[in-house]
Every structure is written in C-alpha cells, then in structure tokens.
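*Asks:* sequence and predicted structure below; questions after.
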Amino acid sequence: MYSLIKNCSDPGSELFSKTENYVLMNFEFKYLAVILTLLIVLRFSQLVPSKFWSWKKPKSWIDLLPGPRQFPIIGGLHYFRDLTKTFKVLHEWSALYGNIFRSEGIFNEPIVFLNDASDVQAVLSSNHVGLVTKPVKPYDALFGQFLKNGLLISKGEYWRSHRRILSRGFTYQSYQGYAKLFSKYTKRLVEELEKLFSADDEPHQISCLIHCCSLQIICASVMGLELCGNDDGRIFYESLHRYKILSSKRAMNPILLFDFFWRMHPLSREYNQLINTMNNITRKIIAKHKEAKETDAQIRNNNADTNYREDDIMGKKPCRSMMDEMLASDLTPEEILIEINTVIAAGFESTSLTVHYMLFLLALNPEHQRVCQEEIDEIFNDPVKCRNGNLTMDGVADMKYLERCCNETLRIFPIIFMFQRKPEVAVKLDDERELPPNTTVAISPILMHNNPEYYPDPKKFQPDRFLPENNRKRHPYSYLPFSAGIRNCIGMKFAIMESKAIAAYILRHFEVSTVDKIDDVTLLPSIVMTPQRDYMFHMKRRQV
Ligand code: HEM
C-alpha cells in the first residue's frame, strides 16, 4: 500500500524545492516592480483613502497599543521576510509588548494580537455567530478555491446550520467505526516501519509514512475512499499531496496571497487542475453513495414487514462515513463536496504532524516513553479493549498518560500556530476596553502556550500539566491548539483519538529514539507549523 509514496522526501525540503522557488523568485521580482508602480500611481491619484497612508495618527486606544514600527502600505509584513525567523519575531514581540499589542497587515489594516486568556475568552466564548466571523484574508486566499464557503470559512447562520450537520459525523457511535479504520491503516504503517528499520542501523525520516497513513484514515472516514489498489485512490493521494505543497508555497509568499498575482502565476494553473481532479473523483463517490442510499431505501421499503436489519444491507462497510451523514441531510451534492474537501484539508496534515512531533518528544524523553509503553501494553493485553489485535475506541480512550503526552505535544508544537477573528459586533474585553466591530484579532496559541504565567518552565516536556487537577487550576482559554468556544475544531476528538491510536501501535512495537535535538530543526510557518526538515529517528523492535 505504501507504493503510494514515490519519493519519501520531508515536507520542509519539498517546500524549498529549488526549481519551483526559482520560478517563485523570478515571479516576485517581476511583479514587485508592478506592485510598486501601482502603489505610486494610487498614492498620487488619491484613490486610496488617506487613512492607509497616515499610519501615525492615533485614533483610538487600539492605535495607542504598543507594537513594532509600521511602514506605509506593507504595515508590519516586512518583519516576516525571512520565514525561518517568524516564530522568533512573534516571541520577541510578545516579550517586548506584553499580552496585547498591535501590528498591521497590508494597506495598514490594524491587527490586534491577544495573548491574555481572559481577553481571548471574551472574543471566543460568545454564542453570537457574528463574533466567530473570520477575516477574508488570509482564509479566503489560502483555502477559497478548494474550500469555497465550507465550514472553515463560512459565516453566520449558513455556518451554524452546516456545523450542526457535520457534527453528526462525530458521535460516539461513529467513533466505534473510525477506531476500526485507525487499526487497519496503522497496522500497515507498523509493517512499513518494520521493513524500513530492519534493513540497516541508520536513522530514518518517517513523516511521509505517517502522513500516508493519516491520509488513508481521513479519506476512508470521510467518504469511504480506499487510496490503495485503485486508480482514483492513487490519483487522489498524489493530487492532494501536491495541492498541499502548492498551497503552502502560496501561504509563505505574501504577494501570492493576492488573487490577482496568484492567477498570473504559473503554479496556479497546476493548482486549479489538481482541485478539478480531486473534485471529479469526489463527485463520482458522492453520486455512487447517493445511488446506494436510494437502493437501500427501496429495499427497506420492500422489507418493511420483515425482520430487516440495517446492517445486513449497509453493514458490509466497516463504518458509516461522514459523507453518509451528510447525504442524510438536506445538503446539495456540491455542498457535500465542499464540506468533504474542508474536513480532509483541515484534518489530514494536522494529525500526521501531531504524531510526528509526539514521537519526537517521546524520543527525547525516554522516561515518559516508558510510562506510555507500560500503559499501552496493559491495554493491548486486555481482550475487551483490544480485540484480536485491534484497539477499540474504549481502549484508545483509556490511554490517559498517552493523552497527556499528546496534549503536551500540542502545547509545545501548536500545529495551528495562529488563527484570526473579525467579530461583526463590538467585543467588551473589560470595563475600559471594547474592540470596535470589524477589528481583526490574531490569537496565537504558540505565544499563549509559552507564557510562564500559564505554563511554568514552558520549554520543558511535562505531560502532568494536563492532569485533571492541574487543568482546573489553569485558565480554560490558555490552552488553544484546537481554538475554543463555538467555533473550535470540530474534529478535535477525532484528531486526539487518531494521534493516540497511531502512536500507541508504534510504541507497542518499537523503542523510539532520535539523533536530533529540539533546536536542531527550524519550524516554518507554512499553513501549519512544519519542520524545515524531518526529524531523524531510530526504531528498535520491542519484544512483546
Ligand atoms: C491535531 C490536529 C488538529 C488541530 C491542531 C486542529 C486545529 C484546529 C483549529 C485551531 C481550528 C480553528 C481554526 C480557525 O479558527 O481558523 C480548527 C478548525 C477546524 N478543524 Fe481542526 N484541527 C485538527 C484536526 C482536525 C481533524 C482531524 C478534522 C476533521 C476530521 C478537523 C476539522 C476542522 C474543521 C472542519 C474546522 C472548522 C470548524 C469551524 O470553523 O466551525 N480538524 N482546527
């Protein structure tokens, strides 16, 4: 099945592929000249409101907030010229300016950075749909063509009704089925790791294998698509993999966030073709499921008087996919397509990176790895929690220490390192401060999770920070890997269960160690927080 992977290169190096970046650079130089000319013309033609140029005039308490020096038009974007220093810049700003500061985006649009848990709670905790609106940039630019008005981007009542429908795919019953898929694909992953590490004593990178496993899990859970052994699956895998690389390249290049420039870029043609290819495959699957569902309904009618059991007809599949839940709603096939794209895009890389970071931290901290293994062994030896070598949903849920390690991993490496809101109504932070409607707010889990006020000795890997009694002592909005409030991550539980299941199978079979140290690898602000190169692992087979 891992024949899907043609070239096991690490994600960071693919992002820095020389030929494509040469194309990008050429492109930038060409269009930088166009932008500058355009801006000079705009400046002198007075077409742009003067507020964009007079960036120094304070107007409200927000303008008076501390923050880095801004420049006309580009605001504070130039601080992120060198993307390898992005997280360093954010940490420096937080150290210099405290828990609330301001910077500016393109055309000097103010952005308020909130890093105080109570301020964040004021923004995220309301049930008012107008409060959970997101700004058009960067969301639309990054995801708009693939995710259109899917759950991640949509707003208002449309968002609320779709959120309700998608939630039906995340019930206790659905998780019983997903647990079977976690086992199926992770067992194959273990076989591949076995082959890789038994061949020699060299350290190896493993992210592409984990990535492939996670992608198979999400495609099977969302639409019952088996990526292996059929052409559509293979094409979908290759297209999605390439789509991810192109969108990350776009995300890391502020000029390309403008649709105008992106459309002229040579890579955008390939990008559109990839989306078309994936959409065509998904449309075919939706049509097939719809047809099967109609046939089922017919059989059900014909069997109304008999002892008909739904499982007899539907139950050949290991579980009902999320798509089946959507087909049972009044969503149109095109709406279903967009929501499928949303769930896959939001769920595949975030989870595989979590596993990757978790294994790395456990390799660096063998004393914690041993505790996890004791817990995992006990559950694997329990015939109720692990049936015929397959972990059940309850078995995974019972791995409490592993879960604390997963939480601590996401504290140290919050994959979604920043997210934004643009509340349509005013938000009262306290008696003196109110954010006016349409203020862009940036919330950065990476700054919050490194604040010693919430996490003493934040660099240290300490899973017991997440013991229930310690959680109770901490502000509930100080832990934000999945955001919080009504617009938090809908797949949070799925992500934690899947990460734990993959890590559990690996740790059951291998002792994991690494030749890297935590500071050896720079982190990049791709759409998700990505290591510039893969961590290198050793895996030694355990006697179990
Ligand atoms: C460790 C893995 C994951 C992390 C760290 C993560 C994190 C997040 C965060 C921070 C948000 C809020 C983004 C924002 O406000 O802009 C979000 C939203 C979302 N996530 Fe996840 N996620 C993960 C896995 C998943 C999985 C596995 C799925 C699906 C199965 C998923 C589906 C979604 C969707 C659909 C949204 C949009 C929700 C809405 O706006 O109502 N995520 N995720």
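*Replies:* Ah, there it is. No experiment lies behind these values; they were computed from the predicted model shown. Residues are numbered from 1 along each chain as shown.
*Asks:* so the residue of the stretch 251-400 of the chain found nearest the ligand is in which element?
*Replies:* Distance from the ligand to each residue of the stretch 251-400 of the chain (C-beta to the nearest ligand atom) is smallest for residue 347, at 3.1 Å. Just so you know, the C-beta spots here come from the backbone N, C-alpha and C atoms, and that holds for glycine as well. Assigned by DSSP states H and E, residue 347 falls within helix 333-364.
*Asks:* now that helix: buried residues?
*Replies:* 335-364 (16 or more other C-beta atoms under 10 Å).
*Asks:* ok, stretch 380-387 next?
*Replies:* Result for stretch 380-387 [16+ other C-beta under 10 Å]: buried residues 380, 385, 386.
*Asks:* got any ranges where the protein has weak pLDDT?
*Replies:* The chain contains residues with pLDDT under 70 at 1-4, 6-36, 39-58, 297-319.
*Asks:* try 50
*Replies:* Confidence mapping of the chain against pLDDT under 50 gives the ranges 18, 22, 25, 54-55, 304-318.
*Asks:* show me which residues of the protein sit near the ligand.
*Replies:* 134, 151-152, 163, 342-343, 346-347, 350-351, 354, 415-416, 419, 481-483, 487, 489-491, 494-495 (C-beta under 6 Å from any ligand atom).
*Asks:* for the residue of the stretch 251-400 of the chain closest to the ligand, give me its contacts.
*Replies:* Contact analysis of residue 347 by C-beta atoms under 8 Å, 6 or more residues apart in numbering lists 218, 222, 491, 494, 495.
*Asks:* at 7 Å what do you get?
*Replies:* 218, 491, 494, 495 (C-beta atoms under 7 Å, 6 or more residues apart in numbering).
*Asks:* contacts for stretch 487-497?
*Replies:* Applying C-beta under 7 Å, 6+ apart, the set of residues contacting stretch 487-497 is 132, 151, 163, 166-167, 170, 175, 178, 343, 346-347, 350-351, 354, 396, 403, 406, 482-483.
*Asks:* and what of stretch 219-227?
*Replies:* 4, 178, 181, 215-216, 233-234, 236-237, 282, 285, 317, 321-323, 340, 343-344.
*Asks:* please check those and keep the buried ones.
*Replies:* If we count by 16+ other C-beta under 10 Å, the contacts of stretch 219-227 have these buried: 4, 178, 181, 215-216, 233, 236-237, 282, 285, 321-323, 340, 343-344.
*Asks:* ok, so of the residues you listed, who is nearest residue 119?
*Replies:* Closest approach to residue 119 among the buried ones among the contacts of stretch 219-227 (C-beta to C-beta): residue 343, at 30.2 Å.
*Asks:* ok, the residue of the chain found nearest the ligand to residue 497 distance?
*Replies:* Nearest to the ligand in the chain, going by C-beta to the nearest ligand atom, is residue 491, at a distance of 2.2 Å. From residue 491 across to residue 497, the span is 10 Å (C-beta to C-beta, to the nearest Å).
*Asks:* and residue 150, by the same measure?
*Replies:* Taken as C-beta to C-beta, the span from residue 150 to residue 497 is 23 Å.
*Asks:* with residue 278 instead?
*Replies:* When residue 278 is compared with residue 497 (using C-beta to C-beta), they lie 25 Å apart.
*Asks:* what about residue 191, how many residues close to it?
*Replies:* A count of nearby residues for residue 191, using other C-beta atoms under 10 Å, gives 13.
*Asks:* confirm it sits in a helix?
*Replies:* Yes - counting by DSSP: H, G, I helix; E, B strand; the rest coil, residue 191 is part of a helix.
*Asks:* most centrally placed residue in this protein?
*Replies:* By C-alpha atoms, centre = their mean, the chain has its centre lying nearest to residue 350, at 3.7 Å.
*Asks:* thought it was touching residue 415?
*Replies:* Yes - Residue 350 is in contact with residue 415 according to C-beta atoms under 7 Å; the separation is 4.9 Å.
*Asks:* what touches both of those two?
*Replies:* residue 528.
*Asks:* now do the SS call for residue 512.
*Replies:* Under three-state DSSP, residue 512 comes out as strand.
*Asks:* residue contacts, it?
*Replies:* 359, 362, 363, 369, 506, 537, 539.
*Asks:* got phi/psi on the residue of the chain closest to the ligand?
*Replies:* phi -100, psi 20 (degrees, to the nearest 10).
*Asks:* count of neighbours near it?
*Replies:* 22.
*Asks:* likewise for residue 494?
*Replies:* 23.
*Asks:* helix or strand: which one has it?
*Replies:* Going by DSSP H and E, residue 494 is in helix 492-509.
*Asks:* how about the CA coordinates for that helix, as CSV?
*Replies:* C-alpha atoms of helix 492-509 as CSV (Å, rounded to 0.1, in the frame of the first residue of the first chain):
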residue,chain,number,x,y,z
MET,A,492,-10.7,17.7,18.0
LYS,A,493,-11.7,14.4,19.4
PHE,A,494,-11.1,12.6,16.1
ALA,A,495,-7.6,14.1,15.9
ILE,A,496,-6.7,13.1,19.5
MET,A,497,-8.1,9.6,19.1
GLU,A,498,-6.3,9.1,15.8
SER,A,499,-3.0,10.5,17.1
LYS,A,500,-3.1,8.4,20.1
ALA,A,501,-4.0,5.2,18.1
ILE,A,502,-1.1,5.7,15.7
ALA,A,503,1.4,6.5,18.5
ALA,A,504,0.1,3.5,20.5
TYR,A,505,0.7,1.0,17.7
ILE,A,506,4.1,2.4,17.0
LEU,A,507,5.2,2.4,20.7
ARG,A,508,3.7,-1.1,21.2
HIS,A,509,6.2,-2.4,18.6
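*Asks:* gap between it and the chain center?
*Replies:* Between the centre of helix 492-509 and the centre of its chain there are 16 Å (C-alpha atoms, centre = their mean, to the nearest Å).
*Asks:* which positions in it come out as buried?
*Replies:* 494-509.
*Asks:* which residues of this protein fall in strands?
*Replies:* Assigned by DSSP state E, the strands in the chain fall at 100-104, 110-114, 386-387, 390-391, 419-421, 427-428, 434-435, 440-443, 510-514, 523-525, 529-531, 537-541.
*Asks:* now those in CSV, with distance to residue 253?
*Replies:* CSV is the format used below for the strands of the chain (distance: least, C-beta to C-beta, whole Å):
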stretch, distance to residue 253
strand 100-104, 19
strand 110-114, 19
strand 386-387, 47
strand 390-391, 42
strand 419-421, 18
strand 427-428, 32
strand 434-435, 30
strand 440-443, 19
strand 510-514, 31
strand 523-525, 12
strand 529-531, 15
strand 537-541, 31
